[in-house]
Structures are given as structure tokens and as C-alpha cells.
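Student: Build the 3D model from these lines:
(chains A and B)
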Amino acid sequence: MSAQAQFSSAAAPFVELTDVGFAYDDRKVLSDITLAIPRGQVVAIMGQSGCGKTTLLRLIGGQLRAAHGRVRVGGQDLAQLDAAGLYALRRRIGMLFQFGALFTDLSVFDNVAFPLREHTDLTEMMIRDLVLMKLHAVGLRGVHERMPCELSGGMARRVALARATALDPQLILYDEPFTGLDPISLAVIGALVRRLNEALGATSIIVTHDVQETLKIVDRVIFVAGGRIVAQGTPEEIRTSAAPFVHQFVWGEIDGPVPFHYPAPSVRDFFLPRQHA
Amino acid sequence: MPERLVPPAKVSPIDTALLRPFRRLGAHVTRALCRLGFAARFLLATLGHIGTALRRLPLTVREIYFTGVLSLVIIAVSGLFVGMVLGLQGYDTLQRFGSTSALGTLVALSLVRELGPVVAALLFASRAGSAITAEIGLMKATEQLSAMEMMAVDPVARVVAPRFFAGVISMPLLAALFSALGVLGGYLVGVRLLGVDDGLFWSQMQAAVNFREDIANGVIKSFVFGVLVSWIAVFEGYDAEPTAEGVSGATTRTVVTSSLAILGADFVLTAFMFRG
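Tutor: Modelled structure (predicted):
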């Protein structure tokens, strides 16, 4: 059985992409993406910057529409959903953006309360309790009165995580959650990703290129290169993989299938054009 | 993306050189029309959220504070000075004909018909329009609008509509305030400083200024300018490239496009309203 078939049959998939392709105008970004992410798992999508992994996340969140193929989330085909249907689905999805994307004109408390106030009829008293519980879960109950500009990068991301999980989502999407964090904040975010996924019984998808932190917390890793899935497996399989691209990526080797030099005319043609002519 | 201006292979180089300017012009016009179409659809989408803006009044009131109340100082001070200058200039001209008693009429008509709506709108575009564009553009650049969409909240309803309607509501009020303080400025200079008769100043003004013809038309003008400036400001912010350069360019475009739109619309409206 192929790795992908094993992956698909592990449990009923919450996110399923079949033969998905996407292009910005006529620049192809993704092609032939087929994957299934079972409920309850934490899955990382890894690859170099610009390989199309964030685009993949945006296709799953319905921010972009696939040029062809089918994207199913929670059993619903995104192409069949109108704006209202998509918004209804998104109430079951939480997303953590790269730098948190907190609303700068609202306090930490009001940021976390935002989805609750928009989508529920809860009393202010109940919202207060819920918000403080969510902030407590990320260890930041003590900063609920501060403004986002008064937080460090790691704290802002933890608040954003509390906001993303305010409505107890079934799917949590993480766009580069580890970028620019110190080792302590990085470990905190990593632990929270795992803990929240288990506490909420959710499914999590992390787009990242931080190998070591990610391999500690995920169930599966999917590698994307050149807009295609090139490898996938458990963290252990990935660590021991002999596939040249995976090996180069995991161990951070300078040269390999991804060359050190960006393609250019030969040194001779470049520096000595006249002599060469 | 590179521009697709490359001609088919069979066209000769001379044809290519001749046609290139026309192709460029065509590309510019097409792009401008596309953007105008997008802006029109965006306006319709925003107007569709008038119910939300009214239902969630605190959001709109908060924006009225930011766009309207915080513009009060610049509008009030400018109105006062424009009125004082009108008083000086008007007195100087009118005394040549021995009709300084008409100073009140001159100041009031100039302000309620033209200067009030136009100058207040120009100041509003620079003060509040640019701030709206920069705020929405930065929200886009820092993914706050995307975050809102991912939380199943429509940014047009939550961010754009309250700012748009706040601008539309604030503009006529600011223009009225500008005119009122302008009249006061004219009074201070004309009556208090230069000695025009107090009673003549006010009575001539009262007799000459018609409510429907002058004041109502001035209010209609400022309402139209309010729609134009607010529309341009929210659209430029929403359509801005999500980069520092993109937001700064959008902010500049808001001020330039709004100013031109105000002056152009003023001519058209004046032609319809006061053609004699």
C-alpha cells in the first residue's frame, strides 16, 4: 500500500484535496495535489518559501478557489458553496496568521471576544468568562487589558491562537506559526498547537519550514516542492528518509536537488561576453 | 506579471513600433475601466450594508467620531480664516462701488453655495479620507482583513460600511460648520474691524440668502462630496497593494482623486443648480 493510501485510510478525512491545481494568472503554483487529512491529526505542510504551501492553506480555508480539482472540508465541497455557505463553514475553522493579525484598534480582551460577539448571542458576562478561559489556556490571562502593540511577537501569536480557538473550531490552520520567535516562545507555541488540538478534538494543519520544532509535534508531514507533493510520512520516516530533497531540507544542506546557485548563464558567458564572442 | 504587449510573430517590426503606443494606451484605458467597474461594484456592495451600519450603530458612531469629530478643529479654524479673508477682500472690492452694506450677502452666499461645501470637502479628503485609506490599507497589509474573513465576518460590512456611512453623515455637518464659522469670521472683520453697519450686515444677508436655492443646494453639494470622498477613501484602502509602498500610494491617490472629483463634481452640480 502506498504511503498516501495508508494516510487516507487511517480515519475519515476532514480535509480532502483531489487533483487540485492553482495558478496566479498564467503562473502555475500548484498542480496535481491529492491529499487527505484525517480528523484529529496534526499535519505539517513543509517546503521552501514560494513552493505553494501557503496557497495550499488558502485553498483549504476557501480564501482562494482551485482552478481545477476538488477541495472538501468537513464533508463539504468548497466549489459548491456560496458566500453564506463558506462563512458558515469558516465558523468551524480557526486560523492563526503568520504575525497574529490581531486587530490593532482593539485590546487583547476585545480581540479574543471578537468572534464570540460576532457569532453568538452570549451575554457580556459569559463572554468575559470565556475570553479569560481562552487566554488562560495560552497563559496570557494577565495581559487581557493590554493593546496588541504592547505585546511581544510570541505573546501576540498566543493571543491570536486564543482568538482562533474562541469558537472551539474543528479545524485549525496555522500559517508559519514559528517564524521569528525566540526558542522559548517557539517551544510554547509548539506545545500549544498540540495541546489545543487534543483539548478541542480538532484537526490541525501547519504550514511551516521550521523542521525541528515541527517534527516534535506533528503526526504527519507533507512535503511540497515546485507546486507538487514530493513526499509524505510520519516524523520518523521523514527524519530517516533517503529521498534527496527531504534529506536536504531536513538536515539543511546547502547543495542538493535545490541548488546553491539560482539558474544563470555560465560564468564565462556572464563575465566575458566579448572574449567569448 | 510581465505585460502582454508582444505582437503576433507575423507582424513586421515597423508595424510593431507604430502600434506600440496605441497598445499601451489601450492597456491603460482597459485597466482604468476595469478598476472603475470594480469600484462601482464595491460601492454597491457597501451600500448594501446600510442596514448593518444602522443596526450596529455604535460602530458607525465610533467612525463618526474619528472622521467627523476629530476633523472639527481643522474645519472650524479654516472656516473662520476663510470667512475673515472674504470679509477683507469683499470689503475692499465693495467699497469701490459704495456698497459695503452688501458684505454680509457676499460672505454668506460665497460660503453656503461654494466655499463651504468645496473647501470643507477638500480638507475632509486630506484629513479624514487619507486616514481611512491608510487604516484600511494597513489592515489589509497586516492580514487583519483576511483574519476577519477567516472568522466568517465580512470586512465590507464590519470595516468598510461604517467608515463610508460615517463619512457621508459627517461631511454635510462639517460643511455647515465651516460656513457658519466663515460667516462669523466675515462678521468679525467686516463689522467689528472695518466698521460695516451691524444691522445692514445681517439684514442684507437674511434677505438675500434663500433657504431652498442656496442653503439646500449647498447641503446637497456637500452630501455628494461626502459620498465621493468616502467612496474613494474606502475603495483605495481596500484595493491597496498590501505593502508599505502600496499603502502610501493609495493614500496619495485618495487625496488627489478626491480633490479632482470634488472640483469636477462641483462644476457639474453648480451648472445644474445655479444656471440662472
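
Student: Now B:Leu188. Nearest residue, chain neighbours left out?
Tutor: B:Met84 (6.4 Å; Cβ to Cβ, 6 or more residues apart in numbering or on different chains). C-betas here are computed from N, CA, C, even on glycine.

Student: Looks to me like the one you found is in a strand.
Tutor: No: counting by DSSP: H, G, I helix; E, B strand; the rest coil, B:Met84 falls outside a strand, being helix.

Student: That one reaches B:Gly185, doesn't it?
Tutor: Yes: between B:Met84 and B:Gly185 there is a contact under Cβ atoms under 8 Å: 3.9 Å.

Student: what separates the longest helix anywhere in chain A from the chain centre, distance-wise?
Tutor: Ranked by number of residues, the top helix in chain A under DSSP state H is helix A:183-200. Computed by Cα atoms, centre = their mean, to the nearest Å, the chain-centroid distance of helix A:183-200 equals 14 Å.

Student: Mind checking which of B:Met84 and B:Gly185 has more residues around it?
Tutor: B:Gly185 (24 against 21; other Cβ atoms under 10 Å in any protein chain shown).

Student: where's the more buried one relative to chain A, distance?
Tutor: Look at B:Gly185 and chain A: by Cβ to the nearest Cβ, to the nearest Å, they are 36 Å apart.

Student: right, and the secondary structure at A:Ala242 would be what?
Tutor: coil.

Student: Burial check on the closest residue in space to A:Arg39 that isn't next to it in sequence, number of neighbours?
Tutor: Once flanking residues are discounted, A:Arg39 sits nearest to A:Phe14: 4.5 Å by Cβ to Cβ, 6+ apart. Residues near A:Phe14, counting by other Cβ under 10 Å, number 21.

Student: what bits of chain A have low per-residue confidence?
Tutor: A:1-11, A:259, A:273-277 (pLDDT under 70).

Student: Enumerate the residues of the stretch 101-250 of chain A near chain B.
Tutor: A:101-104, A:114-115, A:118-119, A:160, A:163, A:173 (Cβ under 8 Å from any Cβ of the partner chain).

Student: picking up where we left off before, give the contact list for the residue nearest to B:Leu188.
Tutor: Taking Cβ atoms under 8 Å, 6 or more residues apart in numbering or on different chains, we find B:Met84 in contact with B:185-186, B:188-189.

Student: hmm, back to that, just the C-alpha atoms of the longest helix of chain A, please, in PDB.
Tutor: What follows is helix A:183-200, C-alpha atoms only, in PDB (Å, rounded to 0.1, in the frame of the first residue of the first chain):
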ATOM      1  CA  PRO A 183      13.400  29.400  21.300                       C
ATOM      2  CA  ILE A 184      11.200  29.700  24.400                       C
ATOM      3  CA  SER A 185       8.200  31.200  22.500                       C
ATOM      4  CA  LEU A 186       8.800  28.700  19.800                       C
ATOM      5  CA  ALA A 187       8.500  25.800  22.200                       C
ATOM      6  CA  VAL A 188       5.400  27.400  23.900                       C
ATOM      7  CA  ILE A 189       3.600  27.800  20.500                       C
ATOM      8  CA  GLY A 190       4.600  24.200  19.500                       C
ATOM      9  CA  ALA A 191       3.200  22.800  22.800                       C
ATOM     10  CA  LEU A 192       0.000  24.900  22.500                       C
ATOM     11  CA  VAL A 193      -0.600  23.600  19.000                       C
ATOM     12  CA  ARG A 194      -0.500  20.000  20.200                       C
ATOM     13  CA  ARG A 195      -2.400  20.700  23.400                       C
ATOM     14  CA  LEU A 196      -5.200  22.700  21.800                       C
ATOM     15  CA  ASN A 197      -5.700  20.100  19.100                       C
ATOM     16  CA  GLU A 198      -6.200  17.400  21.700                       C
ATOM     17  CA  ALA A 199      -8.300  19.500  24.000                       C
ATOM     18  CA  LEU A 200     -10.700  20.600  21.200                       C
END
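
Student: helices and strands around that helix, which ones?
Tutor: strand A:42-46, helix A:124-137, helix A:153-164, strand A:171-175, strand A:203-208, helix A:211-217 (3 or more Cβ pairs under 8 Å, 6 or more residues apart in numbering or on different chains; DSSP states H and E).
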